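# here is my input, please return the structure:
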Amino acid sequence: MRISQKDPILPEHHLKTHTKPSQNPNQGLSMIRKYKDEDFNAVLELLKKSLVHDEITSELLKEKLQGDPHFDREMVLVTEDGDRITGFMQGVTRDIRGERIGYLKLMAVDPDNRKKGIARQMYGMMEDLFRKRGVRKVRIFDVPLNYFQPGIDPRYTEALCFAWRMGFARFDDTTNLIADLEGRDWETARMEHDLAEEGIVISRATEEDRVELLRFIEDEFALWRHEVSMAFQREPVAIHIARFNDRIRGFSAYNGNNVGNGWFGPMGTSNVLRGRGIGEVLLKRCLSDLKAEGNKKAIIPWVGPIAFYAHHAGANVDRVFWRFEKPLN
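Now for the predicted structure:
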């Protein structure tokens, strides 16, 4: 993971000069301003009302806001209509493989206040903020390190239309799978015994493994470093590792993102050890833990190898997401 240097902070007057208040005949003047801590509950209720295909909790919103490793208060906007918040948009920037990318991480407009240009005005201001920070392209929702969903669920049709109107183009799809935790036996003792005969030892990670594991991830799976770091904060540590010749060569984690929602991942195994069944054991250990926590289902997000999870966890496609991107000239 590459941690970017601190972005320049725009002065307060920047938002004021780019705000375009509009008169609402029912409730008075609408104004776009920066998010304040005291807006939290109103924003939470707005997201619950707007994101009808998702479950938004107070803990989840805290994780997405201040819990983001690059949280920037200057890039969190609300639209206020009288004493009501009718719109919300959170932006973040990431340095990904040497490229600075801007992301719309969360956004919502009150259903009763749509088609009034609220999202368009907020995005216009957000795009200015992205440009000030050297962003060359913008994506929607699929934010590495700390994300809510890996793209737009096409059932949110108005969000799709917004993306197209703002000049975004769909460039990829991705998938969340769901695994039934109650209907399977996640026992791995026999497989672990067979792996041990080959010199591969599976165990739960401990704090003493942190430095070595993060170094291994930095070398092979850099974008997952933050989620794995978060999994180290759980009790017990929500990570399992595979050692070969006393060196970490594989890992799996859970509860590193969207904590409390049965979220599995990330998981990775060194190229030199793939095909030996290590991934299956690491996966099942995490799913067993999630089941012990009381989860009935596990979400396996942003999936590439669908067949692997379908075979070893009986996972099925649950949601499909469309990914959108817009270059900034």
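# let's verify A159: helix, strand, or coil?
helix (DSSP: H, G, I helix; E, B strand; the rest coil).
# I'd assumed I152 was in contact with it.
Yes - A159 lies in contact with I152 (CB atoms under 8 Å); the separation is 5.0 Å. Any C-beta I mention is one placed from the backbone N, CA and C, and that applies to glycine too.
# shared neighbours, the two?
Shared contacts of A159 and I152, defined by CB atoms under 8 Å, 6 or more residues apart in numbering, are found at I140.
# which SS state does the residue nearest to the spatial centre of the chain fall under?
Nearest residue to the geometric centre of the chain (CA atoms, centre = their mean): Y147, 1.3 Å. Here Y147 is coil, with the state taken from three-state DSSP.
# same thing with E63?
Put simply, E63 is helix when judged by three-state DSSP.
# and the gap between the closest residue to it other than its chain neighbours and L282?
Counting by CB to CB, 6 or more residues apart in numbering, V259 is the residue found nearest to E63 once chain neighbours are left out, at 6.4 Å. Counting by CB to CB, to the nearest Å, the gap from V259 to L282 is 20 Å.
# swap in P236?
Note on P236: its distance to L282, by CB to CB, is 15 Å.
# between these two, who's got more neighbours?
Using other CB atoms under 10 Å, the more surrounded residue of P236 and L282 is L282, with 23 against 9.
# tell me the predicted confidence for the residue nearest to E63.
What the model reports for V259 is a pLDDT of 94.
# doesn't it fall inside a strand?
No - secondary structure assignment (three-state DSSP) places V259 in coil, not in a strand.
# ok now do it, which residues does it touch?
Applying CB under 8 Å, 6+ apart to V259 gives the contacts E59, L60, E63, M230, R234.
# helix or strand for the fourth one, which one?
Taking DSSP states H and E as the definition, M230 sits inside helix 225-231.
# and the two most separated of the contacts of V259?
Within the contacts of V259, L60 and R234 form the most distant pair, 15.6 Å apart (CB to CB).
# neighbour count winner among these two?
The neighbour comparison of L60 against R234 (other CB under 10 Å) goes to L60, with 19 against 16.
# buried sites along the helix or strand harbouring V138?
Using DSSP H and E, V138 sits in strand 137-140. Burial within strand 137-140, assessed by neighbour count using 16 or more other CB atoms under 10 Å, is assigned to V138, R139, I140.
# just the residues contacting it, thanks.
Outside of strand 137-140, the residues within contact range by CB under 8 Å, 6+ apart are 99, 101-104, 127, 130, 151-152, 159, 163, 168, 323-328.
# recalculate using a threshold of 10 Å.
91, 93-94, 96, 99-105, 107, 123, 126-127, 130-131, 149, 151-152, 159-160, 162-163, 166-168, 170-171, 321-328 (CB atoms under 10 Å, 6 or more residues apart in numbering).
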